[in-house]
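Novice: Quick one, structure for this:
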Amino acid sequence: MPLSKANKCLGCTCMSAPFKTLSTEELIQINRNRVEINFKKGETIVKEGALAGHIAYVKSGLVKVCRTHSNEELVLALESRGKLLGLHAIFNQNIYNYSVYACEDISVCLHDINAISSFIKSNCNFGSEIMRHLSDEILFSHERMESLALKQLHGRFADILLCLSLRIYKRKSFKIPLSKKDLAGVTRMSQESLSRVIKEFTKDKIIEFKGNQITILDYDKVRHLSQVG
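Specialist: Numbers count the residues shown, from 1 in each chain. Down below sits the predicted model:
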């Protein structure tokens, strides 16, 4: 995971909402406590249970957020550019409560957790945006839990299609750097069940799936399947 040529926080074109509340002086201070790192596909960015030294900001690429129980991995979310990861550790004895892995070669800014914590206390606008970020994360977790616990296979697959299209890539056709094993893990189904669902979606002309390229052909149908579960 080599260090990349780091750009300064001041004038950053991919700055997240909390950092936009900071003054020039505060951004300069944040920059002093930050390092930009390139991670290779499969590398660990955050380790569940480890002492947290940094808050990770995804500048580019796709990451997988997971928890592990009895050697079984539960995928909590897929995240991309603009996501702050590890914020819970600030309020949880500086311990990461999930792991984050790179799904492809990515770029991440690591911010010193003490610097972030200090600005939460000293800048109410920054603190408010951090809490908004955490609130959105909790709401998404509730929706994800509902999908996995209450929806059938077709509803779960429809949900991940909408997540990838509307939340991650923001277009109807996209390439995902996930194997079918990983995609099955995200939707909590066997690879055989996933292949069957993909085949049905393709046959019904809801999607086109070639290699790792997915094109949604019928958004209305995908939304309907997501709603009825």
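Novice: tell me the domain ranges of the protein?
Specialist: The chain breaks down into these structural domains: 17-145, 151-228 (assignment by automatic domain parsing).
Novice: Would you map the helices across this protein?
Specialist: 24-32, 113-122, 124-150, 153-162, 180-187, 191-203, 219-228 (DSSP state H).
Novice: Pick the most deeply packed of these.
Specialist: Of all those, helix 153-162 carries the top mean neighbour count, a mean of 21, counting by mean count of other Cβ atoms under 10 Å. Quick note: C-beta positions are derived from backbone N, CA and C, even for glycine.
Novice: now the helices of the chain in TSV, with distance to residue 84?
Specialist: What follows is the helices of the chain, written out as TSV (distance: least, Cβ to Cβ, whole Å):
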stretch	distance to residue 84
helix 24-32	13
helix 113-122	9
helix 124-150	6
helix 153-162	22
helix 180-187	21
helix 191-203	30
helix 219-228	27
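Novice: Nearest to residue 174, out of those helices?
Specialist: helix 153-162 (10.0 Å; Cβ to Cβ).
Novice: Does that closest one pack against any helices or strands, and if so which?
Specialist: Here helix 153-162 touches helix 124-150, helix 180-187, helix 191-203, helix 219-228, going by 3 or more Cβ pairs under 8 Å, 6 or more residues apart in numbering; DSSP states H and E.
Novice: Averaged pLDDT, stretch 129-145. What do you get?
Specialist: Mean per-residue pLDDT for stretch 129-145: 90.
Novice: Check stretch 152-163 too.
Specialist: 93.
Novice: Extract the C-alpha trace of that stretch and format it as CSV.
Specialist: Only the C-alpha atoms of stretch 152-163 are listed here, as CSV (Å, rounded to 0.1, in the frame of the first residue of the first chain):
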residue,chain,number,x,y,z
GLN,A,152,-36.6,-13.3,-0.8
LEU,A,153,-33.7,-13.9,-3.3
HIS,A,154,-35.2,-11.7,-6.1
GLY,A,155,-35.8,-8.8,-3.7
ARG,A,156,-32.3,-9.0,-2.3
PHE,A,157,-30.7,-9.0,-5.7
ALA,A,158,-32.9,-6.1,-6.8
ASP,A,159,-31.8,-4.2,-3.8
ILE,A,160,-28.1,-4.7,-4.6
LEU,A,161,-28.7,-3.7,-8.2
LEU,A,162,-30.3,-0.4,-7.0
CYS,A,163,-27.5,0.2,-4.5
